[in-house]
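Colleague: Got a sequence here, can you build the structure:
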Amino acid sequence: MKTSAIPVLPVRSHTAIAVWLLICCVLVFAMVVVGGVTRLTGSGLSIVEWQPLIGTIPPLSEQDWVILFEKYQKIPQYELVNKDMSLDAFKGIFWWEYFHRLLGRLIGLVYFVPLVYFIVRKQVDRALGLKLFGIFILGGLQGLMGWYMVMSGLSENTHVSQYRLMAHLGLAFVIYAAMFWVATGLLSPGSNASADASNADSAKSLVKLRHFSLALTGLVFIMVLSGGLVAGIHAGKAYNTFPLMDGFLIPPALFVLDPWYRNFFDNITTVQFDHRLIAWLLIFLVPYFWFKALRTTDLSTSARLACHLLLLTLIIQVGLGITTLLLAVPLTFAAAHQAGAVLLFTAVLWCTRKLT
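Modeller: Numbers count the residues shown, from 1 in each chain. Below you'll find the predicted structure:
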């Protein structure tokens, strides 16, 4: 009986595609950080129109600036928060939002053009092509989600919806994870976990460790979503003490809103408490995972390195989080904390990949 051969892409093609995807990951990382600064500086609503093509061109004359400023003056954020803002001050917040959107367009271009090139050159098989096209669709949805988020702050509110902000941030991390996962899979196909799984017990330990890593990946992602809620309702500006929340282990205002489930999304106390709780879970679980990894004798050198990196990035991220909280969310530390979230997510993804 004849069997059809499965086409195998050249290793050089794999490497080129992986490098391209990792470059896109770096751009998404920058996008997340710039997006955080845009939010922290109150710049996200400075551009009140969505013009994917025309919006690439910045204001070129003083009259252009005046027109943009007049449009901004019609939204609630200006009327209720920035009533005394000058044109020069408006320019300051405009540029953050402009570069945020420009970076988004750049990511789309850097992703789309090489994708077409690899497809035309037949360097992408069907399975990989579906993955890459799926990522492209997610990128388009992210652009729509970004505008949908901005719209929530243009008519009635002085800030964007925390729900839409959380969704926008979460989708960015999903796109980042998809590109990173595909790229690392191309660079190191096959099993990475074991240098030599010598017996059934060892193989079973590796499977358990892999499941543990997957659970940690999910928990870090949930913490990212929680951070989006913290940012959305400015929960970091309250309870600027650690480890207690203004002297309380469990603050009394956790369930003051009705119905009760609103507290998890709209109550500053509950949102910050939940974010801290997830952090505490990671503080205990990641070192425990690291300890179990060290005791797994057949773990490969690269997998051990990934586990060490996960522990290190957690320590750095927790330190940044505590410092940001105690200083009441200064711009520099808050931006670093957001960058740290991407690095921690990267570390746990890499760890999971190396155990797969």
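Colleague: Okay, helices next: where are they in this protein?
Modeller: Under the criterion DSSP state H, the chain contains helices at 11-40, 62-72, 76-80, 87-120, 126-151, 162-187, 200-232, 263-266, 268-295, 301-326, 331-354.
Colleague: which stretch among those comes nearest F248?
Modeller: Ranking the helices of the chain by proximity to F248 (Cβ to Cβ) places helix 268-295 first, at 9.5 Å. For every residue, glycine as well, the C-beta is placed using N, CA and C.
Colleague: So which bits of stretch 120-140 are buried?
Modeller: Neighbour-count burial for stretch 120-140 flags Q123, V124, L128, K131, L132, I135, L138, G139 (criterion: 16 or more other Cβ atoms under 10 Å).
Colleague: Which of the residues you listed sits closest to M85?
Modeller: G139 (33.1 Å).
Colleague: from memory that closest one sits against V174, does it?
Modeller: No: applying Cβ atoms under 8 Å, one finds G139 not in contact with V174, separated by 10.6 Å.
Colleague: and stretch 335-348, C-alpha only, in PDB?
Modeller: Provided in PDB are the C-alpha atoms of stretch 335-348 (Å, rounded to 0.1, in the frame of the first residue of the first chain):
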ATOM      1  CA  ALA A 335       5.400  51.000  32.700                       C
ATOM      2  CA  ALA A 336       8.100  48.700  33.900                       C
ATOM      3  CA  HIS A 337       5.600  46.500  35.700                       C
ATOM      4  CA  GLN A 338       3.500  46.200  32.500                       C
ATOM      5  CA  ALA A 339       6.700  45.200  30.700                       C
ATOM      6  CA  GLY A 340       7.500  42.700  33.400                       C
ATOM      7  CA  ALA A 341       4.100  41.100  32.900                       C
ATOM      8  CA  VAL A 342       5.000  40.300  29.300                       C
ATOM      9  CA  LEU A 343       8.400  39.000  30.300                       C
ATOM     10  CA  LEU A 344       6.900  36.800  33.000                       C
ATOM     11  CA  PHE A 345       4.300  35.500  30.500                       C
ATOM     12  CA  THR A 346       7.200  34.800  28.000                       C
ATOM     13  CA  ALA A 347       9.100  32.900  30.700                       C
ATOM     14  CA  VAL A 348       6.100  30.700  31.600                       C
END
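Colleague: what residues does that stretch touch?
Modeller: 25, 29, 32-33, 36-37, 40, 173, 176-177, 180, 213, 216-217, 220-221, 223-224, 227, 306, 309-310, 312-314, 316-317, 320-321, 324 (Cβ atoms under 8 Å, 6 or more residues apart in numbering).
Colleague: Tell me the one among the buried residues of stretch 120-140 nearest to A253.
Modeller: Closest to A253, out of all of the buried residues of stretch 120-140 and judged by Cβ to Cβ, is L138, at 37.6 Å.
Colleague: Test my guess that that closest one contacts A172.
Modeller: No: with contact defined as Cβ under 8 Å, L138 and A172 do not form a contacting pair (9.6 Å).
Colleague: pLDDT below threshold where in this protein?
Modeller: 1-12, 190-199 (pLDDT under 70).
Colleague: Would you map out the domains in the protein?
Modeller: 10-189, 192-356 (automatic domain parsing).
Colleague: How far off centre is the longest one?
Modeller: So that's domain 10-189. 12 Å (Cα atoms, centre = their mean, to the nearest Å).
Colleague: ok, now how distant is the residue nearest the centre of the chain from V342?
Modeller: Closest to where the C-alpha atoms of the chain average out (Cα atoms, centre = their mean) is F173, at 3.6 Å. Note on F173: its distance to V342, by Cβ to Cβ, to the nearest Å, is 8 Å.
Colleague: and what of Y78?
Modeller: 32 Å.
Colleague: So those two - more neighbours on which side?
Modeller: V342 (23 against 20; other Cβ atoms under 10 Å).
Colleague: quick one: that one from V220, how far?
Modeller: Per Cβ to Cβ, V342 is found 10 Å from V220.
Colleague: try V207
Modeller: V207 is 21 Å from V220, by Cβ to Cβ.
Colleague: These two - which one has more neighbours?
Modeller: Set side by side, V207 and V220 show more neighbours around V220, with 24 against 13, by other Cβ under 10 Å.
Colleague: The more buried one against L282, yeah?
Modeller: Yes: taking Cβ under 8 Å as the definition, V220 is a contact partner of L282 at 7.0 Å.
Colleague: one step back: may I have the residues that are in contact with the residue nearest to the centre of the chain?
Modeller: V32, F221, V224, V342, F345 are the contacts of F173 under Cβ under 8 Å, 6+ apart.
Colleague: Please name the nearest non-neighbouring residue to G247.
Modeller: T241 (7.4 Å; Cβ to Cβ, 6 or more residues apart in numbering).
Colleague: I175 now?
Modeller: L138 (5.0 Å).
Colleague: dump the residue contacts of the one you found.
Modeller: L138 touches L171, V174, I175, A178, counting by Cβ under 8 Å, 6+ apart.
Colleague: What's the separation between the third one and G139?
Modeller: Pointing back at I175 there. As judged by Cβ to Cβ, I175 and G139 stand 6 Å apart.
Colleague: cool, the last one as well?
Modeller: The span separating A178 from G139 equals 10 Å under the rule Cβ to Cβ.
Colleague: The residue nearest to M149 when sequence neighbours are not counted - how many residues pack around it?
Modeller: Nearest non-adjacent residue to M149, counting by Cβ to Cβ, 6+ apart: R164, 3.9 Å away. For R164, the neighbour count with other Cβ under 10 Å is 20.
Colleague: how far away is A203 from S188?
Modeller: 19 Å.
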